[in-house]
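Undergrad: here's my sequence, what's the structure:
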Amino acid sequence: MPVTMLPSFLLYCFTGGITPGPANLCSLSAALRYGPGAALRQWRGLFTGFLLISLVSVAITWRLGAALGQYVGMLSWLGAVYMLWLAWHIARSPKSGAAKDPAAPTFRTGLLINLTNVKIMIFCLTALSAYVLPYTRSFWALLGVGLFLPFTGPVCNLVWLFAGASLQSLFTSHRGAVDTTMAAALVLCAFSLVWPFFTEGPASLVSG
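TA: Have a look, this model is predicted:
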């Protein structure tokens, strides 16, 4: 990944990790209902589930890159489309409503939440295929990013977990402004992915 793409990659990781999703909402609800101790037990399961999904995504993306060869750069377009869809979804999301209560927070419930979390499946596949494969097909580069990703989403889960009621109050009072900011950040990430096609041509995304 070129150094110039690093800010976009980190912004994508932060935006994808901090926006409301099953893991974040369950972390918030668990902390509010059962306290930080029980919520942290669940969080360890969330982290393990995220790690497993990330490693599976590394294997899938590596095989996909090997199969597609020089056309793998086109995955950037798919990643950009997903980011735009997510931005639209965030901007259009309801501005009120409570999260569903999760089951009693345990390691197992956290593990199951993320093993069935479509958001992080797409998040990991998009990060690897859009930010790594267009520039290198090295398995070790993919694995390095894959091992980094579990320290993005789950860390954001901790923000929701420890913020608790104050964060819930923030989203209730300023949900529109927060959603608009997150959506705009995702749109910026999407355009940064496909911009090299217009400035340097598709070949710039598949070299290396």
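
Undergrad: going forward, measure contacts and count neighbours with C-alpha atoms only.
TA: OK.

Undergrad: for S192, see how far away C124 is.
TA: 18 Å (CA to CA, to the nearest Å).

Undergrad: these two - which one has more neighbours?
TA: More neighbours surround C124 than the other of C124 and S192, with 25 against 18 (other CA atoms under 10 Å).

Undergrad: how about the nearest residue to the more buried one, chain neighbours excluded?
TA: Leaving out its chain neighbours, the residue that sits closest to C124 by CA to CA, 6 or more residues apart in numbering is S54, at 5.8 Å.

Undergrad: which secondary structure state is assigned to the one you found?
TA: Classification of S54 using DSSP: H, G, I helix; E, B strand; the rest coil returns helix.

Undergrad: could you give the number of residues near it?
TA: Summarising burial for S54: neighbours were counted as other CA under 10 Å, giving 26.

Undergrad: that one reaches L147, doesn't it?
TA: Yes: applying CA atoms under 8 Å, one finds S54 in contact with L147, separated by 7.3 Å.

Undergrad: give me the element the closest residue to L28 other than its chain neighbours is part of.
TA: Beyond its immediate neighbours in the sequence, the residue positioned closest to L28 (CA to CA, 6+ apart) is L161, lying 4.8 Å away. Take DSSP states H and E as the rule and L161 turns out to sit in helix 153-163.

Undergrad: quick one: average confidence on that helix?
TA: Confidence over helix 153-163 (mean pLDDT, whole number) is 85.

Undergrad: do a quick rundown of the helices in the protein.
TA: 6-18, 22-34, 36-68, 75-92, 107-115, 118-131, 139-148, 153-163, 165-199 (DSSP state H).

Undergrad: return the set of buried residues in the first one.
TA: Of all the residues in helix 6-18, those buried under the rule 16 or more other CA atoms under 10 Å are S8, F9, L11, Y12, C13, F14, T15, G16, G17, I18.

Undergrad: which strands and helices sit next to it?
TA: Applying 3 or more CA pairs under 8 Å, 6 or more residues apart in numbering; DSSP states H and E, one finds that helix 6-18 contacts helix 118-131, helix 153-163, helix 165-199.

Undergrad: and for the shortest one?
TA: For helix 107-115, the packing partners by 3+ CA pairs under 8 Å, 6+ apart come out as helix 22-34, helix 36-68.
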